[in-house]
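S.K.: Let's see this in three dimensions:
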Amino acid sequence: MAPPDQSTLSDMFENQKAEWRYKKAAEEIRKEAHFSIEKMVMNLFATVIATYGLLANNVPTIIGAMLISMLLGPITGIALALAEGDYGLLKKALLIEFFGVLLVFITAFVIAKIHHEVLLGDQVMNRTHPSIFDLAVALTCGTAVSFALVSKKLSAGIIGVAISVSLTPPLAASGILLAHGQYGSAFGAFLLFFTNLVGIEFSASAVFWFVGYQRFFRRENQKLIWFLVRNTTSFITIVFLAIILTIAFRHSLDKQIYENTVQKKLALELRKFKHSQLVSVEIKKRGNYTWVVATIRTNKHFTHDDTIALAKGIPKYRTTSQSSPELEIREIPIKEFYTN
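M.R.: A predicted model of the protein is given here:
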């Protein structure tokens, strides 16, 4: 029997190194998926910082909270468990993630209740309308962090920070909004968190299976069919989220286009009125009923006839049965003073 040539030995050595690297990565992921008081305390600190950052509308503070968030470990544990078929790890990681989420949500809710008089800024409200783009980002983040974990040349730490960006702030925002009684917005913020969680978990699990674990652990439960069966719930959830987020994004885009059209039409019509300037336009909907709220800075008082004249230039909103939307004018008076 001829001895193996040098290239064959080199390939065997590289495969052994790759297998060792994947096993080491799996071991680290399992450690991160274990419960510890220290991790819960760090999650508590991260939530306090994130909540105050959201209430203060302060981006650097929110980023500081992302740096110490510990919600990533259990998610990669769930992903690994589904890739390998390790149901013990899956149960443990799900339980830890559940308690972590509960801790973040309750902490943000309590802090927001204490400071109930604080007006909510953009950093909270911008996290209440998830779109299909957020799902795409979550899938990409999950792919990136899992690839970094199994790669010998990349650091998972930096990627982990990017993942934390997508987890703690929207969850804290959901608790804040619930404390303020804004239930619809609270659900939207939680939907953003859930979208990120499922997207990260599914793509990370796929990378763990495809890049390494199915190559080195050729057990019966590592076949593709069993991997797909274990991830059925995640896959169906992602498809469902993709559908509703696409619909929501389409509605949001239609509204924005319509709002811009109305703004241009009203600004054009207002040229007929001296010393009148359009400040803002807001589109409101209730069922099939649509009305436009126009805020105008002016030194005159708009009569009912003026309002009707302005409303004639407003196009119909395509999703309503109204022939034309109602127009509501809000005036910001201008007072003129002269030296002579």
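S.K.: need the next SSE after the lowest-mean-pLDDT helix or strand in the chain, C-terminal direction.
M.R.: Here the helix or strand of the chain ranked lowest by mean pLDDT, DSSP states H and E is helix 214-216, holding a mean of 53. Sequence-wise, the next helix or strand downstream of helix 214-216 (DSSP states H and E) is helix 224-230.
S.K.: Now find how far off-centre that next one is within its chain.
M.R.: Distance, stretch centre to chain centre, for helix 224-230: 27 Å (CA atoms, centre = their mean, to the nearest Å).
S.K.: Show me what that helix packs onto, helices and strands only.
M.R.: helix 72-84 (3 or more CB pairs under 8 Å, 6 or more residues apart in numbering; DSSP states H and E). For glycine as for every other residue, the C-beta is placed from the backbone atoms N, C-alpha and C.
S.K.: I'd like the average pLDDT over the helix it packs on.
M.R.: Taken as a whole, helix 72-84 carries a mean pLDDT of 86.
S.K.: Which strands and helices lie in contact with the very next helix or strand once past it?
M.R.: Of the helices and strands lying after helix 72-84 in sequence (DSSP H and E), the nearest is helix 87-114. Here helix 87-114 touches helix 37-55, helix 72-84, helix 168-179, going by 3+ CB pairs under 8 Å, 6+ apart.
S.K.: I'd like these as a markdown table, with mean neighbour count appended.
M.R.: Formatted as a markdown table, the helices and strands packed on helix 87-114 follow (neighbours: other CB atoms under 10 Å):
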| stretch | mean neighbour count |
| --- | --- |
| helix 37-55 | 20 |
| helix 72-84 | 26 |
| helix 168-179 | 27 |
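S.K.: do you know which of these lies nearest Leu197?
M.R.: With CB to CB as the measure, helix 72-84 is the member of these nearest Leu197 (6.3 Å).
S.K.: all strands of the stretch 201-340 of the chain, in order?
M.R.: 276-286, 289-298, 326-333 (DSSP state E, counting those that start in this stretch).
S.K.: most tightly surrounded among these?
M.R.: Mean neighbour count (mean count of other CB atoms under 10 Å) peaks for strand 289-298 among the strands of the stretch 201-340 of the chain, with a mean of 18.
S.K.: Throw the strands of the stretch 201-340 of the chain into JSON lines and include distance to Phe210 and mean pLDDT, thanks.
M.R.: Formatted as JSON lines, the strands of the stretch 201-340 of the chain follow (distance: least, CB to CB, whole Å; pLDDT from 0 to 100):
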{"stretch": "strand 276-286", "distance to Phe210": "44", "mean pLDDT": "83"}
{"stretch": "strand 289-298", "distance to Phe210": "48", "mean pLDDT": "85"}
{"stretch": "strand 326-333", "distance to Phe210": "55", "mean pLDDT": "85"}
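S.K.: Could you export the ones you listed as JSON lines, including distance to Ala108?
M.R.: What follows is those, written out as JSON lines (distance: least, CB to CB, whole Å):
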{"stretch": "strand 276-286", "distance to Ala108": "28"}
{"stretch": "strand 289-298", "distance to Ala108": "31"}
{"stretch": "strand 326-333", "distance to Ala108": "34"}
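S.K.: If you tally nearby residues, what's the number for the residue lying closest to Phe194 once chain neighbours are set aside?
M.R.: Nearest residue to Phe194 in three dimensions, chain neighbours excluded: Leu241, at 7.9 Å (CB to CB, 6 or more residues apart in numbering). Residues contacting Leu241 under the criterion other CB atoms under 10 Å number 20.
S.K.: before we move on, what about the one 10 residues further on?
M.R.: Applying the criterion other CB under 10 Å, we find 12 residues in the vicinity of His251.
S.K.: Equivalent analysis for Lys274, please.
M.R.: By the criterion of other CB under 10 Å, Lys274 has 9 neighbours.
S.K.: Am I right that Ala172 is in contact with Val104?
M.R.: Yes: Ala172 lies in contact with Val104 (CB atoms under 8 Å); the separation is 6.1 Å.
S.K.: shared neighbours, the two?
M.R.: Common neighbours of Ala172 and Val104, using CB atoms under 8 Å, 6 or more residues apart in numbering, are Thr47.
S.K.: In JSON lines, list the helices and strands packed on helix 87-114 along with distance to Thr339.
M.R.: Compiled in JSON lines, the helices and strands packed on helix 87-114 are given as follows (distance: least, CB to CB, whole Å):
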{"stretch": "helix 37-55", "distance to Thr339": "45"}
{"stretch": "helix 72-84", "distance to Thr339": "65"}
{"stretch": "helix 168-179", "distance to Thr339": "50"}
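S.K.: correct me, but the residue nearest to Phe194 touches Leu197?
M.R.: No: applying CB under 8 Å, one finds Leu241 not in contact with Leu197, separated by 10.6 Å.
S.K.: ok, now which ones touch Met70?
M.R.: Contact analysis of Met70 by CB under 8 Å, 6+ apart lists 39-40, 42-43, 46, 100.
S.K.: can you check Ala81 too?
M.R.: Neighbouring residues of Ala81 by CB under 8 Å, 6+ apart: 87-90, 93.
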